[in-house]
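**Q** Kindly return the folded structure for what I paste below:
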Amino acid sequence: KPVELVIIDEAGGATKQVSEYRNLVERSEVDYVIGYISSGDCLAVAPAAEELKKFTVLFDCGTPRVFEEASYKYVFRTGAHGAMDNIGAALYINEKIPGIKSYAGINQNYAWGQDCWADWDASMKALNPNIQVTTSQMPKLGAGQYGAEISALLNSNSEVIHSSLWGGDLESFILQAGPRDLFKKSVAVFIAGEHVMNRMSAQMPDGAVIGARGTHGPFAPDTELNRWFKKIYSDKYLLQPIYAAYKMAQALLGVKSAYEKAQAANGGKEPNQDQLIAALENHSWEGPSGKVMMNLGKGHQATQGIAFGRVKKVNGKVTLVDIKNYPAEKVNPPEGVKSVDWIKSGFKAK
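**A** Numbers count the residues shown, from 1 in each chain. Take a look at the predicted model:
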């Protein structure tokens, strides 16, 4: 049947988003809610969804805390959480820069940035117990100006700089750090850097390590589904889809797949909310980025593999080389184990 979209802007902070969510459920009377990029928003909206008993899918936010510190019936996340990004980045750096002795970080001072630094830091120490942390810079979300932080990073003389900055913050940091030759002194690791890679091709530093929060964008498999998705997206927007677009497509296709599964189990009749929830729990499906498995958080949290590559300029265009893929089980904790505990155990199976 036709689907009516009710779209709101995710801006204004967590308190505003909870208010907007309540309006969607109580005034607009939507059937499902799919959304949220900010980890802070996800942490705030998830309890509201549970209170209002509304089927809700978090499509992008990264903090592992959503399902590692709480349990939900009505809330799902169809993208892997951020521990995967940082574990994968640590594995990649230790493979590509053997004998690395030091690293620093610049991450936003809220749930996403804090969790990313904690998981990266723990992963690097688990892989290399003698490594040195030189400095951890934590500017506020949306700071925009990074002069003091860049000075601290320059003075640290770190071999590697880890960063989970994204959006305008990441663009501003690259624009300000490049002219000061920070990237000539240190290898930058932008775990979510794929979405600015092409639009900032002139400023992207050679040799920087780039992630896409999974096997999205340039890391996506060459499948019929991915080719279809890239075509319809580029035809409409005249751009190639970035990881956030892949993750929204993944969420929509996951709900569609679960709906069809529940409908089939219901004799072809429209499933109710409880039947849809049961169908999505522990479900798996194929997205443009490959297989998605809802196998953490009691079947409410997805896992996927991840890939990283390094920037190489070719005729003025950004390409990725030294691409390495890591399977889901290599970069995600077992069910029932917190990410940081799994990392500190040396990535041991449960």
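**Q** Helices of this structure, residue ranges please.
**A** 14-26, 39-52, 65-68, 83-96, 111-127, 147-156, 167-177, 182-185, 194-197, 224-237, 243-265, 273-280, 328-331, 339-344 (DSSP state H).
**Q** The residue nearest the centre of the chain and Gln17, how far apart?
**A** Of all residues in the chain, the one closest to the mean position by C-alpha atoms, centre = their mean is Arg213, 4.1 Å from it. Separation of Arg213 from Gln17 (C-beta to C-beta, to the nearest Å) stands at 20 Å. All C-beta atoms are positioned from the backbone trio N, CA, C, and that covers glycine.
**Q** domain ranges for the chain?
**A** Listed by automatic domain parsing, the domain ranges of the chain are 14-81+226-231+243-303, 83-219+305-344.
**Q** pLDDT weak spots in this structure?
**A** 1, 350 (pLDDT under 70).
**Q** Now the residue located most distally from the centre of the chain: phi and psi?
**A** The centre of the chain is farthest from one residue, Gly267, which by C-alpha atoms, centre = their mean lies 36.6 Å away. When read as degrees, to the nearest 10, the backbone of Gly267 gives phi 70, psi 30.
**Q** who's Gly287 bridged to?
**A** On the basis of DSSP bridges, Gly287 is bridged to Gly290.
**Q** Next, the contact list for it, please.
**A** 225, 246, 249-250, 253-254 (C-beta atoms under 8 Å, 6 or more residues apart in numbering).
**Q** ok, now Ile8?
**A** 20, 24, 35.
**Q** how does it look with 10 Å?
**A** 16-17, 20-21, 23-24, 28, 33, 35 (C-beta atoms under 10 Å, 6 or more residues apart in numbering).
**Q** Same check on Asp41?
**A** By C-beta under 10 Å, 6+ apart, the contact list for Asp41 reads 10-18, 20-21, 35, 58, 61, 111.
**Q** ok, now with 6 Å
**A** 14, 17 (C-beta atoms under 6 Å, 6 or more residues apart in numbering).
**Q** what's the spacing between it and Thr63?
**A** Applying C-beta to C-beta, the value for Asp41 to Thr63 is 10 Å.
**Q** ok, back up a step: unless I'm mixing things up, the residue nearest to the centre of the chain is touching Tyr243, no?
**A** Yes: Arg213 is within contact range of Tyr243, at 4.9 Å (criterion: C-beta atoms under 6 Å).
**Q** Just grab the bridge partners of the closest residue in space to Ser186 that isn't next to it in sequence for me.
**A** With C-beta to C-beta, 6 or more residues apart in numbering as the criterion, Ser186 has its nearest non-adjacent residue at 4.7 Å, and that residue is Ile161. Following DSSP bridges, Ile161 is listed with bridge partners Ala104, Ala188.
**Q** Ile161: how many residues sit nearby?
**A** The local packing of Ile161 (other C-beta atoms under 10 Å) involves 26 other residues.
**Q** wait, it sits on Ala188?
**A** Yes: the criterion here is C-beta under 6 Å, and Ile161 meets it with Ala188 at 5.3 Å.
**Q** related to what we said a few turns ago, buried subset of the contacts of Ile8?
**A** The neighbour-count test (16 or more other C-beta atoms under 10 Å) marks 17, 20-21, 24, 33, 35 as buried among the contacts of Ile8.
**Q** Give me the distance between Ile174 and Asp85.
**A** For Ile174, the distance to Asp85 - C-beta to C-beta - is 18 Å.
**Q** And for Tyr72?
**A** Tyr72 is 22 Å from Asp85, by C-beta to C-beta.
**Q** how many neighbours does the nearest residue to Ala192 once chain neighbours are set aside have?
**A** Distance criterion C-beta to C-beta, 6+ apart; nearest residue to Ala192, sequence neighbours excluded, is Trp166 at 4.7 Å. Trp166 has 24 neighbouring residues, counting by other C-beta under 10 Å.
**Q** From Arg77, how far out is Trp166?
**A** Going from Trp166 to Arg77 by C-beta to C-beta gives 17 Å.
**Q** who are the neighbours in contact with Val321?
**A** Contact criterion C-beta under 6 Å, 6+ apart gives 310, 312 as the residues in contact with Val321.
**Q** what's the neighbour count on Phe347?
**A** Phe347 has 16 nearby residues by other C-beta under 10 Å.
**Q** if I look at the nearest residue to it once chain neighbours are set aside, how far off is Glu68?
**A** Of all residues not flanking Phe347 in the chain, Ala126 sits nearest, at 6.9 Å (C-beta to C-beta, 6+ apart). Separation of Ala126 from Glu68 (C-beta to C-beta): 18 Å.
**Q** now Gly142
**A** Gly142 is 26 Å from Glu68, by C-beta to C-beta.
**Q** Those two: which is more packed in?
**A** Glu68 (21 against 11).
**Q** Now that one: closest residue in space that isn't a chain neighbour?
**A** Of all residues not flanking Glu68 in the chain, Lys338 sits nearest, at 4.9 Å (C-beta to C-beta, 6+ apart).
**Q** For the one you found, give me phi and psi.
**A** Taking degrees, to the nearest 10 as the convention, Lys338 sits at phi -70, psi 140.
**Q** picking that back up, I'd like to know which of the helices of the chain is closest to Val318.
**A** Taking C-beta to C-beta, helix 194-197 is the member of these nearest to Val318, at 5.4 Å.
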